[in-house]
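Engineer: structure for this input, please:
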Amino acid sequence: MGLYTVTKKMRQEWLEMRENGDTLKEISKEVKYDPRTVAKHLETAQHERDNEEIRKQIKRKALEDHYAEIIVFVDKLISELELKKSLKRDDSDVYWIALQQHMPKARVWPLTTKLEELGSMIVTLAEGLKTKLSENVQLRISNLVTDQSGTDFVLAGVVDVVIDRLLRPDVPLPSFRIIREADETQTILLGRLSVARVNAGSINKAKEMVTAVIDNVAGEVKTWTEVEELARSLLDRDGFINELREALVTIKMRKILPGNCTYCPF
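Structural biologist: Alright, predicted model coming up:
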C-alpha cells in the first residue's frame, strides 16, 4: 500500500475527507495507504492549514493597517482642503506616492493639478488688485482727510482688508481691536489685520477714517474688471474643491485600495 510519496495536495484531500465524516479506516481503504501513514499526514495537513491561516491573518492585518494609514492621510487632505481652500501635491511624501500608485487613474490627480494652477492665478490676480488698490486707497485718504496733524496713519492694512473681503465675501467684517504698543502708540486691528497705528488721542478719528475708506473702496472695486475676473476664478476654485472633496471622500469611505504600491507589506 502507498507506493507513491504523499504530496501536500494529497494529504489536504485526505483532511477534507476526514472533515466530511470519513473514518481513518475508510480513508486508508480509499487511498490505499496504511492507517498510520494516513494518520500522520492528517496531522501534518492540519498543521499546514493552521499555519496558512495564521499567515493569511497576518497578511490581512498588515494590509488593513497599511490601508488605514493611507485613509488617515486622505482624511487629513480633506481637512486641509476645507481649511485652506487648496491642496498642495507633494510627490516626495510617501503617502502621496502610495496613494498615487494604488490609484493612478483617480480623479484626485487632475483635480489637484487644476486647483494648484487656479490657486496661482488667484494669487496673481490678488497681487495685481493690491497694487491698484494701494493707489486708490491713498487717493481716498487724501480726499477724506485734510488735517492729519498729531496722527501717524499707517493704512496699508486697509488694502489687505479689502482684498480679504473680496476673497472671503461670506465672512462678515470683524470688529476693531486696539493693542497698546511699547512706544505708547496704539495699533488698530480689524480682525487679524493691522489697519492703523496712531497716538492714543487719535483712535476714534482713525477708526472713522478706516471705515470710510473701506466702505468707499469696497463699493467701487466691485465694478472693476479685475474683481470680476477674480470672482470667476474663485467660483471655479469652489467647483474644483467640491469635486476634489467628493473624490477624496469616496476613497475614504471605500477603505480598501485597489492595486499595490511600493510600501505594501506583501
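
Engineer: now the element after the host helix or strand of residue 137, going C-ward?
Structural biologist: Taking DSSP states H and E as the criterion, the element that holds residue 137 is helix 108-144. Going down the chain from helix 108-144, the next helix or strand is helix 156-167, by DSSP H and E.

Engineer: contacts for that following helix, please.
Structural biologist: Contacts with helix 156-167, where a contact means C-beta atoms under 8 Å, 6 or more residues apart in numbering, come from 122, 126, 129-130, 133-134, 137, 171, 173, 190-191, 193-196, 210, 213-214, 217-218, 221, 227, 230-231, 234. The C-beta positions use only the backbone N, C-alpha and C, and glycine is treated the same way.

Engineer: in strands, which of those residues fall?
Structural biologist: 190, 193, 194, 195, 196 (DSSP state E).

Engineer: so in the protein, where's the weakest helix or strand by average pLDDT?
Structural biologist: Here the helix or strand of the chain ranked lowest by mean pLDDT, DSSP states H and E is helix 156-167, holding a mean of 74.

Engineer: list the buried residues in that helix.
Structural biologist: Across helix 156-167, burial judged by 16 or more other C-beta atoms under 10 Å covers 157, 158, 159, 160, 161, 162, 163, 164, 165, 166.

Engineer: and which of those residues is nearest residue 50?
Structural biologist: Here the nearest of the buried residues of helix 156-167 to residue 50, counting by C-beta to C-beta, is residue 164; it sits at 65.3 Å.

Engineer: quick one: that closest one from residue 191, how far?
Structural biologist: Going from residue 164 to residue 191 by C-beta to C-beta, to the nearest Å gives 8 Å.

Engineer: between these two, which contacts overlap?
Structural biologist: Listed as contacting both residue 164 and residue 191 by C-beta under 8 Å, 6+ apart is no residue at all.
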